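Chemist: Got a sequence here, can you build the structure:
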Amino acid sequence: MRVRRFEWKGATATAAAIRNWTVESAPEVDVSPIEREVRDGGDEAVLRLTARFDATDSAPTSLRVAPGAVEEALGSLDPGLRESLELAAANVRAVAEAQIDEVRRVVPLSQGQNVSVREVPVSAAGLYAPGGRAAYPSSVLMCAIPARVAGVERLALASPPGPDGVIGPLVLAAAALCGVDEVYAMGGAQAIFALAYGTESVAPVDVIAGPGNSWVREAKRAVSGMVGIDSLAGPSELMAVPGNHDGDAELAALDFCAQAEHGAEGPLVVVSAEQAVLDGVAAAIERAAADRPGVGDAPLATVRVPVLDHAIDLANAFAPEHLELLDEGAALLADRVTTAGCVFVGRYGATAFGDYVAGSNHVLPTGGAGRFSGPLGPGTFRRKISTVEVPAEAAAKLAPHVDRIARAEGFPVHGESAMIRTES
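Modeler: Here you go, the predicted structure:
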C-alpha cells in the first residue's frame, strides 16, 4: 500500500488534506458521449457498448436475461452458499422492515384544518450490481431487499456480463432469491442511462440505486433529478481507530487489506493517539498484504491525534464510509459520531460483517457524502405525500393571512383565490 503520514492540523484541515491526497490521481470521467449514444440508439447502443466494455468475447444479442435462467441459477447454487445468502437476506430484511412506518400522520391545527403526511413507494426501481473483477450477489441483496420491503412493484436489475456475454450465476441466484422481476446484462454508465431513459427492451424506472465504479457514479449524477438516486458512491473507504492490545494490529491490518480488495482507489485511514500503535498497524498491513495478491495498492493515511477525542472529531470531518472503533476508549465515544456511513464498535466489529451478513446495508455514502446522506434503505424507494383538508371555518380564519402574505410577495391573485372561499 501507499503509506503517508499526516500531521495533525485540526480535524477539518487534516480531513481535507487526506481527501486531496487520495483523489489527486483519480482520472476525470466524462459520461456525456455514452448518454447521447444510449438516448439516441436504445438497445442497439447498449448492446454495442456492452460488447466494447464487458462482453468482449461473445456479445449478447438480448439485454434481458431469460427468467428461466435466473431461477435455474438459484436451483443450482451450492447449498452452503445458499444458506449463507439466505441468512444475509433475512438479516437485511429484518433491519429494513424496522425502518418502515406505515402510520399516516394527521396534524390537526388550531384554525380547523388538517394536514396529513403519508409515505408511498415508487413504482419501479433500477438496481445496479457491479461486475468486472468479481460477482457481487451481496450487492443484489442490499439493493433488492430494501426496495421490496419499501413496497416497490417492479425491480429491474442491471449487472455487467462477463467476457462471455453472460451474467455470473451468483448474481442471478441472488436476484431469484430476492424476487427481482427483470435482469439485464448491461453495466457501466450505459446501464444507468438505459434504466433512466428507457430503451426498446428496458422500461424506465423512478429510482436507481446500487454501488459502482466512477463511470456508474457520474452517470447517476447526470440523471439525478430526472430519476431519484440513492447516493454518489465512489471507491470503498475505511477509517479505523485500533486498540493497543496484543493482536489488535493484526485485526486492523486484515480489515484494511479487506477493503483494499475493492481496488487501489479507496482511501484507508488509521488514527491513534499513540505513534507505536500507528507503526504497529502499518507494519502488520505490510506483512498481511505481502501474502495476499488480491490486495490493491490503496492509499493508507496514518494520523496521530493529540487525544483520543480528536479521532472522533477527525471522523466527523472526514465522513468515512466505514468507521471501526476498535479501541475500547474510542468505542465509548461512538454516539459522538455523526457523519460515518456505518460505525463498527469494538474489536470484533469487522467491516466485513456489515458487507455481508450483519443486517446493515453495505451501500453507503463515500467521498464525504456522509455529511448529508446515509445508508441505502427502504426510504430510498419511498416518497412522502401531503394531504391538506380545509373546512369552511378554517378557510375563513386563514384566508386573510394568505391575502396579506401573498400581496406582500406581489401575488395578489393568490390572495383572491383564498379570500373568495370566505364569501359563500
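Chemist: Could you use CA atoms for every contact and neighbour count after this?
Modeler: Fine.
Chemist: does residue 173 sit in a helix or strand, and which one?
Modeler: helix 169-178 (DSSP states H and E).
Chemist: In terms of pLDDT, where does residue 240 sit?
Modeler: Residue 240 is assigned 96 on the pLDDT scale.
Chemist: Leaving out sequence neighbours, find the closest residue to it.
Modeler: Distance criterion Cα to Cα, 6 or more residues apart in numbering; nearest residue to residue 240, sequence neighbours excluded, is residue 324 at 4.5 Å.
Chemist: Local confidence estimate at the one you found?
Modeler: Predicted confidence (pLDDT) for residue 324: 97.
Chemist: mind checking how far the helix or strand in which it is found is from the chain centre?
Modeler: If you go by DSSP H and E, residue 324 is part of strand 322-325. Per Cα atoms, centre = their mean, to the nearest Å, the displacement of strand 322-325 from the mean C-alpha position of its chain is 17 Å.
Chemist: which residues sit against that strand?
Modeler: Residues from elsewhere that reach strand 322-325 (Cα atoms under 8 Å, 6 or more residues apart in numbering): 237-242, 315, 331, 334, 340-347, 349-351.
Chemist: So which of those sit within strands?
Modeler: If you go by DSSP state E, the contacts of strand 322-325 have 238, 239, 240, 241, 342, 343, 344, 345 in strands.
Chemist: same question for stretch 94-101, mean pLDDT?
Modeler: Averaging pLDDT along stretch 94-101 gives 93.
Chemist: Looks to me like residue 157 is in a strand.
Modeler: Yes - according to DSSP: H, G, I helix; E, B strand; the rest coil, residue 157 belongs to a strand.
Chemist: which ones are touching it?
Modeler: Residue 157 neighbours (Cα under 8 Å, 6+ apart): 126, 127, 128, 129, 175, 180, 181, 182, 183, 184.
Chemist: got the residues you listed as JSON lines, with distance to residue 73 and secondary structure columns?
Modeler: As requested, the contacts of residue 157 are exported to JSON lines (distance: Cα to Cα, whole Å; DSSP: H, G, I helix; E, B strand; the rest coil):
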{"residue": "126", "distance to residue 73": "21", "secondary structure": "strand"}
{"residue": "127", "distance to residue 73": "19", "secondary structure": "strand"}
{"residue": "128", "distance to residue 73": "19", "secondary structure": "strand"}
{"residue": "129", "distance to residue 73": "16", "secondary structure": "coil"}
{"residue": "175", "distance to residue 73": "9", "secondary structure": "helix"}
{"residue": "180", "distance to residue 73": "13", "secondary structure": "coil"}
{"residue": "181", "distance to residue 73": "15", "secondary structure": "coil"}
{"residue": "182", "distance to residue 73": "14", "secondary structure": "strand"}
{"residue": "183", "distance to residue 73": "13", "secondary structure": "strand"}
{"residue": "184", "distance to residue 73": "15", "secondary structure": "strand"}
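Chemist: Tell me which two of those sit farthest apart.
Modeler: Farthest pair in these (Cα to Cα) is 129 and 181. Separation: 14.7 Å.
Chemist: which of the ones in strands among the contacts of strand 322-325 lies closest to residue 418?
Modeler: For the ones in strands among the contacts of strand 322-325, the nearest to residue 418 is residue 342 (48.0 Å; Cα to Cα).
Chemist: so how far is residue 334 from the closest one?
Modeler: Distance of residue 342 to residue 334, computed by Cα to Cα, to the nearest Å: 11 Å.
Chemist: Neighbour count: those two, which is higher?
Modeler: residue 342 (25 against 17; other Cα atoms under 10 Å).
Chemist: Pairing partners for the more buried one in the sheet, please.
Modeler: residue 322 (DSSP bridges).
Chemist: now residue 209
Modeler: Beta-bridge partners for residue 209, by DSSP bridges, are residue 127.
Chemist: which residue packs closest to residue 137, ignoring adjacent ones?
Modeler: Distances taken as Cα to Cα, 6+ apart put residue 171 closest to residue 137, at 4.6 Å, once the chain neighbours are dropped.
Chemist: For burial, what's the neighbour tally of the one you found?
Modeler: Using other Cα under 10 Å, residue 171 has 26 other residues around it.
Chemist: where does the stretch 101-250 of the chain dip in pLDDT?
Modeler: Low-confidence segments of the stretch 101-250 of the chain (pLDDT under 70): 132-133.
Chemist: those strands in it, which residues are they?
Modeler: For the stretch 101-250 of the chain, applying DSSP state E, counting those that start in this stretch gives strands covering 105-108, 114-121, 124-128, 154-159, 182-185, 207-209, 228-229, 238-241.
Chemist: Okay, and the beta partners of residue 108?
Modeler: Beta-bridge partners of residue 108, as defined by DSSP bridges: residue 114.
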